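**Student:** coords please:
(chains A and B)
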Amino acid sequence: GNSVTQMEGPVTLSEEAFLTINCTYTATGYPSLFWYVQYPGEGLQLLLKATKADDKGSNKGFEATYRKETTSFHLEKGSVQVSDSAVYFCALAKETSGSRLTFGEGTQLTVNP
Amino acid sequence: NAGVTQTPKFRILKIGQSMTLQCTQDMNHNYMYWYRQDPGMGLKLIYYSVGAGITDKGEVPNGYNVSRSTTEDFPLRLELAAPSQTSVYFCASRGGTGVNEKLFFGSGTQLSVL
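**Tutor:** Predicted coordinates:
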């Protein structure tokens, strides 16, 4: 079946540091890949997505590239801010529609001033 | 814009009690979902619905029931609460088309069963 594995957290960084959160997946065919973010006390929000190999999703300074050869979709940001403190979830869906998502376990990011 | 609204935000139940988690959306979305989020785990799909009158099981449906009598509402029912159902519950709906398609989540219900 489908599965998503994220790097273990929590991750603590200083403001302006470089961020990488690793995500690898197992799936047959060509899934769509997503990063969702959950700010404290809120529901999940879509951060970015990629629907085919070599696609790069980007939003709010975050980027992730769909690497089929390594089955990965690592999240990166060049300079994090305190406001980026949240839980980040990697997810996949077999259909490009984004329904029936399979989520990773989430990575807690804390950015200190 | 209200989006997806869940009530209550917090609830404590005793073992064996029942309750309904409410979810409503004002975006006229056909697809709606219920997920549970356990500590250190990703979200697991409990039930979903592709439109009014149609529901189907997700990965972890045992101990839950749903109904979808209207497009707007998708309540989740716990009949005999168990400690294993202590979790945070999220309702979501699916909107947009093509590359803009995405899930919209409610803010969650934190449930403790003691």
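**Student:** going forward, measure contacts between C-alpha atoms and count neighbours the same way
**Tutor:** Noted.
**Student:** surely residue A:81 meets residue A:18?
**Tutor:** No. Contact criterion Cα atoms under 8 Å: residue A:81 and residue A:18 do not qualify, at 10.1 Å.
**Student:** so for the two, which sits in the more crowded spot?
**Tutor:** A count of neighbours by other Cα atoms under 10 Å in any protein chain shown puts residue A:81 above the other of residue A:81 and residue A:18, at 16 against 12.
**Student:** now do that one against residue A:43, distance only.
**Tutor:** Shown here: residue A:81 relative to residue A:43, a distance of 20 Å by Cα to Cα, to the nearest Å.
**Student:** got it, and residue A:49?
**Tutor:** Relative to residue A:43, residue A:49 is positioned 18 Å away (criterion: Cα to Cα).
**Student:** next: residue B:88.
**Tutor:** Separation of residue B:88 from residue A:43 (Cα to Cα) stands at 10 Å.
**Student:** shared neighbours, those two?
**Tutor:** Overlap of the contact sets of residue B:88 and residue A:43 (by Cα atoms under 8 Å, 6 or more residues apart in numbering or on different chains) consists of residue B:108.
**Student:** who's in contact with stretch B:53-63?
**Tutor:** B:44-49, B:66-70, B:78-81.
**Student:** which ones among those are found in strands?
**Tutor:** Counting by DSSP state E, the contacts of stretch B:53-63 place B:44-49, B:66, B:78 in strands.
**Student:** close to chain A as well: tell me which of those qualify.
**Tutor:** The residues of the ones in strands among the contacts of stretch B:53-63 that also fall near chain A, by Cα under 8 Å from any Cα of the partner chain, are B:44-45.
**Student:** hmm, which two among the ones in strands among the contacts of stretch B:53-63 are most spread apart?
**Tutor:** The largest separation in the ones in strands among the contacts of stretch B:53-63, counting by Cα to Cα, is between B:49 and B:78 at 17.3 Å.
**Student:** more neighbours: which of these two?
**Tutor:** residue B:49 (22 against 18).
**Student:** what number of residues lie near the closest residue to that one other than its chain neighbours?
**Tutor:** Closest residue to residue B:49 apart from its sequence neighbours, by Cα to Cα, 6 or more residues apart in numbering or on different chains: residue B:55 at 4.2 Å. Counted by other Cα under 10 Å, the residues lying close to residue B:55 total 19.
**Student:** wait, a strand at residue B:55?
**Tutor:** Yes. Residue B:55 forms part of a strand when assessed by DSSP: H, G, I helix; E, B strand; the rest coil.
**Student:** middle-most residue in chain A, spatially?
**Tutor:** In chain A, the centroid-proximal residue (Cα atoms, centre = their mean) is residue A:35; its distance is 3.4 Å.
**Student:** same check, this time on chain B
**Tutor:** Centroid-nearest residue in chain B: residue B:34, 2.9 Å away (criterion: Cα atoms, centre = their mean).
**Student:** about what we covered before: highest neighbour count among the contacts of stretch B:53-63?
**Tutor:** residue B:48 (26 neighbours).
**Student:** good, wrapping up.
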